[in-house]
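**Q** just a sequence and a predicted model for now, questions to come.
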Protein chains: 4
Amino acid sequence: MIVAMQEHATEEQIQEIISRLTDIGFNVHRTTGTVQTILAGVGTPGIFDVKDFELLEGVAEAHRISSPYKLAGRGFRPEGTVVKFANGVTVGGGEVVVMGGPCSVESRDQIFRSAALVKAAGGQFLRGGAFKPRSSPYSFQGMGLEGLKLLREVGDATGLLIISEVMEISQIELMLPYVDVFQVGARNMQNFNLLRELGQVRKAIVLKRGMSATIEELLLSAEYILAGGNYDLMLCERGIRTFETATRNTMDISAIPVIHKLSHLPILGDPSHGAGRRDIVPALAKAAVAAGADGLLIEMHPNPDKAISDGAQSLFPEQFEKLLEEIRLLAPAIGRKIAAPVAEQVSI
Amino acid sequence: MIVAMQEHATEEQIQEIISRLTDIGFNVHRTTGTVQTILAGVGTPGIFDVKDFELLEGVAEAHRISSPYKLAGRGFRPEGTVVKFANGVTVGGGEVVVMGGPCSVESRDQIFRSAALVKAAGGQFLRGGAFKPRSSPYSFQGMGLEGLKLLREVGDATGLLIISEVMEISQIELMLPYVDVFQVGARNMQNFNLLRELGQVRKAIVLKRGMSATIEELLLSAEYILAGGNYDLMLCERGIRTFETATRNTMDISAIPVIHKLSHLPILGDPSHGAGRRDIVPALAKAAVAAGADGLLIEMHPNPDKAISDGAQSLFPEQFEKLLEEIRLLAPAIGRKIAAPVAEQVSI
Amino acid sequence: MIVAMQEHATEEQIQEIISRLTDIGFNVHRTTGTVQTILAGVGTPGIFDVKDFELLEGVAEAHRISSPYKLAGRGFRPEGTVVKFANGVTVGGGEVVVMGGPCSVESRDQIFRSAALVKAAGGQFLRGGAFKPRSSPYSFQGMGLEGLKLLREVGDATGLLIISEVMEISQIELMLPYVDVFQVGARNMQNFNLLRELGQVRKAIVLKRGMSATIEELLLSAEYILAGGNYDLMLCERGIRTFETATRNTMDISAIPVIHKLSHLPILGDPSHGAGRRDIVPALAKAAVAAGADGLLIEMHPNPDKAISDGAQSLFPEQFEKLLEEIRLLAPAIGRKIAAPVAEQVSI
Amino acid sequence: MIVAMQEHATEEQIQEIISRLTDIGFNVHRTTGTVQTILAGVGTPGIFDVKDFELLEGVAEAHRISSPYKLAGRGFRPEGTVVKFANGVTVGGGEVVVMGGPCSVESRDQIFRSAALVKAAGGQFLRGGAFKPRSSPYSFQGMGLEGLKLLREVGDATGLLIISEVMEISQIELMLPYVDVFQVGARNMQNFNLLRELGQVRKAIVLKRGMSATIEELLLSAEYILAGGNYDLMLCERGIRTFETATRNTMDISAIPVIHKLSHLPILGDPSHGAGRRDIVPALAKAAVAAGADGLLIEMHPNPDKAISDGAQSLFPEQFEKLLEEIRLLAPAIGRKIAAPVAEQVSI
């Protein structure tokens, strides 16, 4: 914590700041220049808001100089986190994984066909939403428990790992038997009660960046889950809201290398939400991998034109297959490889 | 719904679009120009995503031409909604109300002193949070039920109406006996399950705009509550996230007149969150009223420097009092007046 | 300048930073904590980029602790700048001035009618563009010199002060005999060569904020003009680009009180560009005045439906007149008054 | 052009709109539904602003249905533009070119060493600024004509093509003998007079996207240059301004595939300005190539720590060399190849 005093700050004002810094647990070092006094607070203080200092009399500027998150920081695990699944799939360890599937589970036929396509193309995870609160109250709202059961069934049949979105605390218990990964959607990135509960769960989590969240805020949200003891955590960049309207969101590809620098957690890219339109999903997917993403979350549908939700951003099966081929070529060019397809369990 | 075909679209492509528009319930009118065909879908269709059409073969552009919300639209209640409370306070009917109080309920003493100050200054509502999930897991998280009881007690003692934030469905039942208004915070603006439940409640609601939500999205969220039959709904502009860093958010004052045009619902301004810094709260509060806001939500604290949360944006008591004085002068200049102070119940 | 070293920074790394700080002219004070070393550079250094320090080995964070502008800072003229014109009009001294008129000068008749309306309504300045590069190469590009002559003629006839936009250095000389105020448009806010030349001019300047410029960047641009010795400078908030599409830009009303705090320069509001749509211009204009704006820049046209440019955001004459009436009422409520109408010169 | 009338629009209002559409050159087709009338204007009208229609009485919505640019549109040259240089280098034809060099020309030694490094690493273009207006008036402003002469000399010596930024019309003539490519910087993207002049020049142009410009606005600016007859035009994505502060700008990688779809012009990526920090430039450069960029513009400096400007975002020579190696591997994985190094001219 650094507080730079204004040029004409009085000694009384300076003493007031020193007293407050001391109160919250800092050791204070004072630098008195000819024009300006600077106070450096060192140590491990309690809770404080740096903005509280900026408004005090005599203060020119106040800066926090340590990152507000700790467990999520790269320094906590310099070697990086590798999330390991029972079937041998790993995320964060040099291989690029693919999580594919439809926005929502719509029917038994639809999800089984989706799974077969994801598996054939070489993906490791099947995604599909069971709860689908939509921005219009007049839209389809998901299959619920029935959808979860279908996901588990097809996961067992194919060996694909199942990832599905959890919307609120009450769904955790319900979903636990059916999913391998809980996905926290962008709108829930700062639902701190939900995050805290997920810190207690012994299943992997994908935490998506909120569409107006900074990278620092994403890491603070990750901190909630890690603080509960759950380190099987993957982050996901899925586009931020900007003034550009050609795409639904602006995928912030920079977030991938920035997060690799700031944190030990694996980072995935979701080009489907990043783009919001199918035609540029492949380009963004390749860009994410080239920038170092540890995996991709891609919407695919056996028949996107008939999809109940997010059809416009879902790939056709042949596009999905072609994209995975391209990534298979691309990954080695940046010193990585695409993860192996999951082993056969039973034929479907 | 309008679909403009590309210049060289084939008849087959045109027929495909006509067929799809018909499928979802539109009557289709075709305009064949020398260079371009335009299809107009009229009627009341089922669910569809306009983006699905934009990616079809032969399509140049697709536009939805009716607003996606209905109950929230001005046309539904051209005369405007007035939310009425038992003690005679109204919101939306020409008077400007003031909702003041601390970010969080911290203690009996703090909330009683806050209430006395709000009442003395002429406010009608006391705000205060009982549940305070914060962006850092290491921060204060609220007094919970005890805080709610204190709010009710001080409300009964002073005649002030009580507004407090609901964070999740499970809190609705808990809060019901204690509050007069449920506040839905910016982070929950698209928590559709919560909104749907609040549509069933017979208490008034303040719905805050999400920090990356468009005005249209705010009205779609309002639709969820209205669709449940709860019309005692007030909207609230509290700042959006932009590139500017001098303020925590950028208060979108334009949203106030825009919402008055698009919707019949009252719209409040929250300059405290809009600014994130105390020193410019009064200027923004006056700007909101001048732009036509039906009320203000203002953070005030008996001792902001000791506030557990949001101290930097809370007004000192004397600032709060002075601001209300100024608004008392300002409101008539734009043809409104500040609402009357609440009547005495018992002295405190 | 503060440099916070990483926890495990080596002494060699620390010495390297000290050496660099010294090189650029800082006196360095060192604070060695148990976990972290902090270096404070005090004094008046030469040119440097704080980002250069952030990337050096061993550095955790670097912060500039003095504002990068000096002449534009409030501290330079705590009493505030008042721009004075020959006819007695002042900007920045407690009165609210109004600059009205069409986007472009289109014809003798149009600009004379506009001037008569502005004057009758009580405005002090007539605005009108002579050079109008537009975002489409197929649009009207302005009347040029002929337009300037018309502006001067109508200014002399009515006593209104003339403000018109300068697009490039070569136009300064040309415009000098005809205008009272040079307006620098948002797109030129960082055209530093133009700003430098305008610092040499002995005419007043209105500098508009760029649509993606921070307040700090606006003040840095002001510094260019002030550094040339021209202190007759007014700033103008005219909306920034955000994700909201209901308005062309988002008018950042907060910028008004923030600039009043950071700088001594007067600040105007331009609700016409801020909104981009006529219907909410009055609400934004009143909000700007309530927030403390020293004046308004408003597009008005005798016949907006026939305007060659920006018709959609130009007020009708009767709207303009009504708005000025409202501001006449509003200003006293915040302790200001609207400036007096200009005195008669000759009748028109 | 589509105008959707409000539900209760009168016949008189409808006739007024029809009359206006006809006035500006549209043939109007009318669709009368049971609740709403829709007017479709087809044909090639004169100048109009779609916003003018939205505010007319009885209008619900108005949409332009043709793109506002023509020459820049993909339809104008479906096969794509290939910019060809005298020495055989092409941009837009499947090969990926690299334009490297320092932000500013600082000295003979610095620019010759830069050129040698760019050439050795396999680049085709040397970049370097001669005019450097900076955001602070107290910073270095460039070497001017002397810098241009050094660029030409080193270009002749090495065979590298020279690209340098033009800031204003008066510099065009001056620069013409010395550069192979004029670069228009982000701040000048909407300096329409400059663009119009560059349309007359017989040298290639790189037009950078403004930091708050939409893709559509970039294409409209391109239209100015194309309308003058200069088709040797390349676009460049260099980051847009968003709320994220971890990077100086947010590089909008989506813009690359979107522009390839909308336009026939080659599109380059500038990861140096996109990131503003050296450490993530390589990741963004690879992402841009993976997304289909036709080339890269990269800041490199023989000694970034001593660079007068933009040192923090300039690569060290060894980083630059390594990055080009990586792109040499990456390009074939997406079906492209890096362009051949320029042929030897004379040794330096």
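**A** Thanks, I have the structure now. On a predicted model such as this, the values are computed, not experimentally measured, just so you know.

**Q** so residue A:201 sits right up against residue A:176, yeah?
**A** Yes. Judged on CB atoms under 8 Å, residue A:201 makes contact with residue A:176 at a distance of 7.2 Å. (Glycine included, C-beta is placed from N, CA and C.)

**Q** okay, now the unreliable bits of chain A?
**A** For chain A, the stretches with pLDDT under 70 are A:34-35, A:44-47, A:133-140, A:344-348.

**Q** picking up where we left off before, so residue A:201 and residue A:176 - more neighbours on which side?
**A** Comparing residue A:201 with residue A:176 by other CB atoms under 10 Å in any protein chain shown, the one with more neighbours is residue A:201, at 19 against 14.

**Q** so what's the more buried one up against?
**A** The contact partners of residue A:201, by CB atoms under 8 Å, 6 or more residues apart in numbering or on different chains, come to A:172, A:176, A:182, A:230.

**Q** can I get the buried part of those as one ChimeraX selection?
**A** Per 16 or more other CB atoms under 10 Å in any protein chain shown, the buried members of these correspond to this ChimeraX selection:
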select /A:172,182,230
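
**Q** most widely separated two among the contacts of residue A:201?
**A** A:176 and A:230 (13.1 Å; CB to CB).

**Q** what is the burial count for residue A:76?
**A** 15.

**Q** can you name the residue of the stretch 201-348 of chain A nearest to chain B?
**A** Chain B sits closest to residue A:212 of the stretch 201-348 of chain A, with a gap of 3.2 Å, by CB to the nearest CB.

**Q** ok, residue A:159 to residue A:121 distance?
**A** Per CB to CB, to the nearest Å, residue A:159 is found 14 Å from residue A:121.

**Q** residue A:250 is in contact with residue D:244, isn't it?
**A** No. At 9.8 Å, residue A:250 does not count as touching residue D:244 under the criterion of CB under 8 Å.

**Q** so those two - more neighbours on which side?
**A** Neighbour count, other CB under 10 Å: between residue A:250 and residue D:244, residue A:250 has more, with 26 against 23.

**Q** for the more buried one, list the residues it contacts.
**A** With CB under 8 Å, 6+ apart, residue A:250 has these contacts: A:239, A:240, A:241, A:242, A:244, A:274, D:240, D:242, D:250, D:252, D:254.

**Q** give me that answer again for 7 Å
**A** Taking CB atoms under 7 Å, 6 or more residues apart in numbering or on different chains, we find residue A:250 in contact with A:239, A:240, A:242, A:244, D:242, D:250, D:252, D:254.

**Q** before we move on, what SS does the third one have?
**A** Following DSSP: H, G, I helix; E, B strand; the rest coil, we place residue A:242 in the coil state.

**Q** you'd agree it is up against residue C:243?
**A** Yes. The pair residue A:242 / residue C:243 is scored as a contact, 6.2 Å apart, by CB atoms under 7 Å.

**Q** more neighbours: which of those two?
**A** Of the pair residue A:242 and residue C:243, residue A:242 is the one with more neighbours under other CB under 10 Å, namely 27 against 23.

**Q** next, that one: phi, psi?
**A** With angles defined as degrees, to the nearest 10, residue A:242 sits at phi -130, psi -170.

**Q** which residues touch it?
**A** Residue A:242 is in contact with A:250, C:243, D:240, D:242, D:250, counting by CB under 7 Å, 6+ apart.

**Q** what's the burial count for the third one?
**A** Okay, so that is residue D:240. Quick note: residue D:240 (other CB under 10 Å) scores 26 neighbours.

**Q** from residue A:52, how far out is residue A:23?
**A** Counting by CB to CB - residue A:23 and residue A:52 are separated by 12 Å.

**Q** the two: who's more crowded?
**A** Shown here are residue A:23 and residue A:52; by other CB under 10 Å, residue A:52 has more neighbours (22 against 11).

**Q** test my guess that that one contacts residue B:313.
**A** No. Between residue A:52 and residue B:313 there is no contact under CB under 7 Å: 9.8 Å.

**Q** let me know the secondary structure of the residue of the stretch 201-348 of chain A closest to chain B.
**A** coil.

**Q** give me the number of residues near the closest residue to it other than its chain neighbours?
**A** Once flanking residues are discounted, residue A:212 sits nearest to residue B:212: 3.2 Å by CB to CB, 6 or more residues apart in numbering or on different chains. By the criterion of other CB under 10 Å, residue B:212 has 24 neighbours.

**Q** ends of stretch A:4-12, how far apart?
**A** This stretch, stretch A:4-12, spans 15 Å end to end (CA to CA, to the nearest Å).

**Q** can you tell me if it touches chain B.
**A** No. Contact of stretch A:4-12 with chain B (CB under 7 Å from any CB of the partner chain) is absent, the minimum separation being 14.5 Å.

**Q** where do the strands sit along the stretch 51-200 of chain A?
**A** A:59-63, A:83-84, A:90-91, A:95-101, A:125-127, A:161-165, A:181-184 (DSSP state E, counting those that start in this stretch).

**Q** show residues contacting the fourth one.
**A** This points to strand A:95-101. A:89, A:91, A:114, A:118, A:122-128, A:163, A:289, A:293-298, A:300, A:320, A:324, A:327, A:331, A:336-339.

**Q** show me which positions of it end up buried.
**A** A:95, A:96, A:97, A:98, A:99, A:100, A:101.

**Q** burial of the residue lying closest to residue A:79 once chain neighbours are set aside, as a residue count?
**A** Of all residues not flanking residue A:79 in the chain, residue A:264 sits nearest, at 7.4 Å (CB to CB, 6+ apart). Using other CB under 10 Å, residue A:264 has 22 neighbouring residues.

**Q** for residue A:264, give me its contacts.
**A** Taking CB under 7 Å, 6+ apart, one finds A:74, A:76, A:77, A:80, A:81 in contact with residue A:264.

**Q** tell me which of those is nearest to chain B?
**A** Closest to chain B, out of all of these and judged by CB to the nearest CB, is residue A:76, at 14.5 Å.
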